[in-house]
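Participant: output the structure for:
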Amino acid sequence: MLERYNPILSTIRSICPTAHIAGGAVRDTLLERPIRDVDLFLDADCTDEAAKLLRSQHGFVKVGEWKNYEMFSDPAVKRVAKFEKADETTPVCLIGLHYPSDTYYDEPRSSLGMQFNLSRFDFGICMAGWDGNEVYTAPEYRRDLEAKTFTLCRADDQPQFNYSMARFLKMTADRYAGWRLIVPAAFEHLARQNGTSRRLWQRSVWVDDEFCLEFPSGGLVEQVLTPKPR
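Facilitator: Here you go, the predicted model:
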């Protein structure tokens, strides 16, 4: 099913060989869920030319202006814009990245750029990408898939944590109903400051005052323990 994105992806890869689709569209396609939008990642320097190609070759028109990505503390994302098409219900978002090293361009079809990008995502289940030929999934994705969980893998600060909690609620309200949230010990201080997360502990097998979680040496939560009766 991922091949449906190849015409657009091939066009963008003609000017940016490291371009790829990642995150929700790939995850939802693999798990046969409805897709809300398609996030296409590419080098920030190629975004203007890519926007012209999306319009001239595929009929997708930019909605609004490019937005500088100033949310949270992620220096990799430089600019974002959404593109829509009259007869297409799924928008495409071009996300311009600044990679930290030229090694991501050593080989035209190198997967290193995608691996770097996936490592930035907040939940393990979101760490999936498609380059037009192969699907890439991180170990965190496979672990979440098996357990039907959303394991928080990144939260640089309180706003980012709060945003991830809102995303979790939104996704589990319909497409991923019944999937559990797992928060590693490293983010406990952020969870205690977040009203939504405190309610989540009460709603499921977690508690608000105590984190009844088992934290293995790797740092990621592998098992959620049933809270003690009060």
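Participant: got any ranges where this structure has weak pLDDT?
Facilitator: Low-confidence regions of the chain, defined here as pLDDT under 70, cover residues 69-74, 100-111, 196-230.
Participant: could you pull out the strands for it?
Facilitator: Listed in chain order, the strands of the chain (DSSP state E) span residues 20-22, 38-43, 61-68, 77-85, 88-97, 128-130, 135-137, 149-151, 180-182, 213-214, 223-224.
Participant: next one: the fourth one to chain centre, how far?
Facilitator: Per Cα atoms, centre = their mean, to the nearest Å, the displacement of strand 77-85 from the mean C-alpha position of its chain is 15 Å.
Participant: and the longest helix along the chain, what does it pack onto?
Facilitator: In the chain, assigned by DSSP state H, the helix with the most residues is helix 158-172. Counting contacts by 3 or more Cβ pairs under 8 Å, 6 or more residues apart in numbering; DSSP states H and E, helix 158-172 is packed against strand 149-151, helix 188-191, helix 195-203. No exception for glycine: its C-beta is placed from N, CA and C like everyone else's.
Participant: quickly run through the sheet partners of the shortest one, with directions.
Facilitator: In the sheet containing strand 149-151, the strands it pairs with under DSSP bridges are strand 180-182 (parallel).
Participant: what's near enough to touch residue 65?
Facilitator: Residue 65 is in contact with residue 81, counting by Cβ atoms under 8 Å, 6 or more residues apart in numbering.
Participant: oh, and call the first residue 15 from now on, that's how I've got it
Facilitator: Yep, numbering from 15; the last one is residue 79 now.
Participant: residues contacting the residue nearest to residue 16 when sequence neighbours are not counted?
Facilitator: The shortest distance from residue 16 to any residue other than its chain neighbours is 4.8 Å, reached at residue 144 (Cβ to Cβ, 6 or more residues apart in numbering). Contacts were defined as Cβ under 8 Å, 6+ apart; by that measure residue 144 touches 16, 19, 23, 34-36, 40, 150.
Participant: could you dump these into a markdown table and include distance to residue 96?
Facilitator: Rendered in a markdown table, the data for the contacts of residue 144 read as follows (distance: Cβ to Cβ, whole Å):
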| residue | distance to residue 96 |
| --- | --- |
| 16 | 21 |
| 19 | 16 |
| 23 | 17 |
| 34 | 18 |
| 35 | 15 |
| 36 | 16 |
| 40 | 18 |
| 150 | 24 |
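Participant: from the residues you listed, which is closest to residue 197?
Facilitator: Nearest to residue 197 among these, counting by Cβ to Cβ, is residue 36 at 22.8 Å.
Participant: share the number of residues neighbouring that closest one, please.
Facilitator: 24 (other Cβ atoms under 10 Å).
Participant: likewise residue 24?
Facilitator: Using other Cβ under 10 Å as the criterion, residue 24 is surrounded by 12 other residues.
Participant: tell me the spacing between it and residue 58.
Facilitator: When Cβ to Cβ, to the nearest Å is applied, the distance between residue 24 and residue 58 equals 20 Å.
Participant: who's in contact with the nearest residue to residue 104 once chain neighbours are set aside?
Facilitator: Once its chain neighbours are removed from consideration, residue 104 has its nearest residue in residue 49; the separation is 5.7 Å (Cβ to Cβ, 6+ apart). Contact partners of residue 49, counting by Cβ under 8 Å, 6+ apart, are 38-39, 42-43, 104.
Participant: partner residues bridging the closest residue in space to residue 164 that isn't next to it in sequence?
Facilitator: Computed as Cβ to Cβ, 6+ apart, the closest residue to residue 164 that is not its neighbour in sequence is residue 137, at 4.6 Å. According to DSSP bridges, residue 166 are recorded as the beta-bridge partners of residue 137.
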